[in-house]
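Participant: need a structure here:
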Amino acid sequence: MLENNIFLPVFLIVLGTSIWVYFDANSIGVRKGQLKGVCDMEPGGWAFVCLLVWIVGFPVYLAKRAELKRINGKGGAPVAPPLAAAPPAMDFDEQLRKWAKLKQEGVISEDEFNQKKKALLGI
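Facilitator: Numbers count the residues shown, from 1 in each chain. All right, here's what the predicted structure looks like:
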């Protein structure tokens, strides 16, 4: 009696997830030749494996899904636009020498020099 009560929900889960795998693989753009080895399947192959050997096929599909999305450009982290080239800045030593010379000449105070030094160091 217990076997009859559990068979239908398990069958519906296996069938439902296998159908989801088929449509998900189609939406990602999965094609044969994208992966190496036994995982090199088209959407129908993934659905078939999930239907027949669900306990192995479904977890393997979930594990490979991120790689398939990356291969087909359907997800992952958005690509950041390239940074604009920064104008050439004086190097740290030159700037520090410039401020030290101004302090030595009395143009800026010791406190102003320390503030500029901290700004150069990013503190």
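Participant: For the rest of this, base every contact and every neighbour count on C-alpha atoms.
Facilitator: Will do.
Participant: elements contacting the longest helix anywhere in the chain?
Facilitator: When the chain is parsed with DSSP state H, its longest helix is helix 2-28. Under the contact criterion of 3 or more C-alpha pairs under 8 Å, 6 or more residues apart in numbering; DSSP states H and E, helix 2-28 touches helix 43-52, helix 54-71.
Participant: Pull out the buried residues from that helix.
Facilitator: For helix 2-28, the buried set under the neighbour-count rule, 16 or more other C-alpha atoms under 10 Å, comprises 14, 15, 17, 18, 19, 21, 22, 25, 28.
Participant: Just say which of the helices and strands packed on helix 2-28 is most tucked in.
Facilitator: helix 43-52 (a mean of 20; mean count of other C-alpha atoms under 10 Å).
Participant: Kindly calculate the angle that that one makes with helix 2-28.
Facilitator: Put simply, helix 43-52 runs at 170 degrees to helix 2-28, going by axes from the mean of the first three to the mean of the last three C-alpha atoms, to 10 degrees.
Participant: If I take helix 43-52 and helix 54-71, what angle do their directions form?
Facilitator: Going by the same axes, to 10 degrees, helix 43-52 makes 150 degrees with helix 54-71.
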